[in-house]
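Undergrad: Quick one: sequence plus predicted model below, questions after.
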Amino acid sequence: MTTEPQALKQTVSEVYAARIANDEPCEVSLDADGNDQWGKGAYGAEALAGLPDGVISYGCGNPTALAALRPGDRVLDLGSGAGLDCFLAARQVGSQGRVIGVDFTPEMLERARANAAELGIANVEFREGDIEALPLDDASVDVVISNCVINLAPDKDAVFHEAFRVLAPGGRLMVSDILLTRPASEAEQRDLALLAGCISGSLPADDYLAKVAAAGFANAACAVEAPPCDSEFWFSAAVSADKPAS
């Protein structure tokens, strides 16, 4: 498998287009008690109440539960998929707020827009774009969220610099993502299943946080959302940071 950035993006887009066409959700990760830690299992029944079946989850956490969204907030979701986190955020920010989802897979955007129409949600929009070059103005949002997507981006430095650019001063970054307990080997990085499964394209926690800080963010921190099983070298984490107010 080629590791050229544009080819990787095309491969990822094709994999997720196929998944949404087949209504194939995120692979389930079970904790020691057999409970679903990823996908819709990260949200709980109350949060998911009233959402149509077409709102499939490809995430590894629940960033909207951690972002402390407020009425009136302008929220950006990086890699918005079928729209789940956008719809949950829209409830929290209310009619005075705004939620924008950005995704580069046309099939995902089509499903997200159909879900929004079915739900009758007016304060959400979905834009086609690359999270390494966001289709948003400078300082135009208050909160950036993402759910198990940044690990798929070949240029994570660009992603975090773009997130910093579009955030207003005092804005917040809150993402759920896969982090590694050790670097992925070359063979693991070439493994399509591990790449599309949101694993081999990610980074150890310290390296990930260093890229967040290098983009200009302050208070970059990581909290474990779902620890790895004994056979795994990856885990789900909540990564947070702030854009300085001045």
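TA: Cool, the structure landed.
Undergrad: the strands in this protein, which residues?
TA: When assigned using DSSP state E, the strands of the chain occupy the ranges 74-78, 98-103, 124-128, 141-147, 167-180, 218-226, 234-242.
Undergrad: Just send the ones you listed back as JSON lines, with distance to Glu14 too.
TA: For every residue, glycine as well, the C-beta is placed using N, CA and C. As requested, these are exported to JSON lines (distance: least, CB to CB, whole Å):
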{"stretch": "strand 74-78", "distance to Glu14": "20"}
{"stretch": "strand 98-103", "distance to Glu14": "14"}
{"stretch": "strand 124-128", "distance to Glu14": "16"}
{"stretch": "strand 141-147", "distance to Glu14": "20"}
{"stretch": "strand 167-180", "distance to Glu14": "20"}
{"stretch": "strand 218-226", "distance to Glu14": "27"}
{"stretch": "strand 234-242", "distance to Glu14": "23"}
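Undergrad: Now render the ones you listed as a markdown table, adding distance to Ile199, mean pLDDT and mean neighbour count.
TA: Compiled in a markdown table, those are given as follows (distance: least, CB to CB, whole Å; pLDDT from 0 to 100; neighbours: other CB atoms under 10 Å):
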| stretch | distance to Ile199 | mean pLDDT | mean neighbour count |
| --- | --- | --- | --- |
| strand 74-78 | 18 | 98 | 27 |
| strand 98-103 | 20 | 98 | 26 |
| strand 124-128 | 26 | 97 | 18 |
| strand 141-147 | 15 | 97 | 26 |
| strand 167-180 | 6 | 96 | 22 |
| strand 218-226 | 13 | 92 | 15 |
| strand 234-242 | 5 | 94 | 22 |
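Undergrad: So for Ser202, which of those sits nearest?
TA: strand 167-180 (4.7 Å; CB to CB).
Undergrad: Just the C-alphas of the closest one, formatted as PDB.
TA: What follows is strand 167-180 as a C-alpha-only set of coordinates in PDB (Å, rounded to 0.1, in the frame of the first residue of the first chain):
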ATOM      1  CA  LEU A 167     -10.700  29.200  16.700                       C
ATOM      2  CA  ALA A 168     -11.400  32.600  18.200                       C
ATOM      3  CA  PRO A 169      -9.100  33.800  21.000                       C
ATOM      4  CA  GLY A 170     -10.100  31.900  24.100                       C
ATOM      5  CA  GLY A 171     -11.500  29.100  22.100                       C
ATOM      6  CA  ARG A 172     -11.200  25.400  23.000                       C
ATOM      7  CA  LEU A 173     -10.000  22.200  21.400                       C
ATOM      8  CA  MET A 174     -11.600  18.900  22.600                       C
ATOM      9  CA  VAL A 175     -11.100  15.800  20.700                       C
ATOM     10  CA  SER A 176     -11.500  12.100  21.200                       C
ATOM     11  CA  ASP A 177      -8.800  10.100  19.400                       C
ATOM     12  CA  ILE A 178      -6.700   7.000  19.400                       C
ATOM     13  CA  LEU A 179      -3.300   7.300  20.900                       C
ATOM     14  CA  LEU A 180      -0.600   4.700  21.100                       C
END
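Undergrad: between that strand and strand 141-147, how big is the angle?
TA: Strand 167-180 and strand 141-147 are oriented at 10 degrees to each other (axes from the mean of the first three to the mean of the last three CA atoms, to 10 degrees).
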